[in-house]
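In: here you go, sequence then predicted model.
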Amino acid sequence: MSEEQTDTRIYRVVMNDEEQYSIWLADRELPAGWRAEGTEGPRDVCLEHIGAVWTDMRPRSLRERMAAGK
């Protein structure tokens, strides 16, 4: 898609078991290991939501190990 074209597709915010976020086209089947987080809309809305909620980029397993002092 060229920069001149407007992306009118609808995306959904997805999350994996490590609580890492991404976006996925809403009309496509989710890839294995990912689930819908609940937010859908234009690309910029989804990316803005991810920026607001994904404040710690470390995978969940690493956060848990660090919290346990291991």
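Out: Nice, thanks for sending it over.
In: quick check: next helix or strand after the lengthiest strand in the chain?
Out: Longest strand in the chain by number of residues (criterion: DSSP state E): strand 34-41. Using DSSP states H and E, the helix or strand that directly follows strand 34-41 along the chain is helix 43-53.
In: that next one to strand 34-41, inter-axis angle?
Out: Interaxial angle of helix 43-53 relative to strand 34-41 (axes from the mean of the first three to the mean of the last three C-alpha atoms, to 10 degrees): 120 degrees.
In: after helix 43-53, which helix or strand is next?
Out: The element immediately downstream of helix 43-53 (helix or strand, assigned by DSSP H and E) is helix 60-67.
In: by contact count, what packs against that next one?
Out: Under the contact criterion of 3 or more C-beta pairs under 8 Å, 6 or more residues apart in numbering; DSSP states H and E, helix 60-67 touches no helix or strand at all. No exception for glycine: its C-beta is placed from N, CA and C like everyone else's.
In: off-centre distance for that helix?
Out: 19 Å (C-alpha atoms, centre = their mean, to the nearest Å).
In: okay, it in CSV with CA atoms only?
Out: Backbone C-alpha positions of helix 60-67 (Å, rounded to 0.1, in the frame of the first residue of the first chain) are rendered in CSV as follows:
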residue,chain,number,x,y,z
ARG,A,60,5.7,-12.2,31.3
SER,A,61,8.0,-15.1,32.1
LEU,A,62,11.0,-12.7,32.5
ARG,A,63,9.0,-10.3,34.7
GLU,A,64,7.9,-13.2,36.9
ARG,A,65,11.5,-14.5,37.2
MET,A,66,12.8,-11.1,38.1
ALA,A,67,10.0,-10.5,40.7
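In: so what touches the longest strand of the chain?
Out: Residues outside strand 34-41 that contact it (C-beta atoms under 8 Å, 6 or more residues apart in numbering) are 10-16, 21-22, 24, 26, 30, 45-46, 49.
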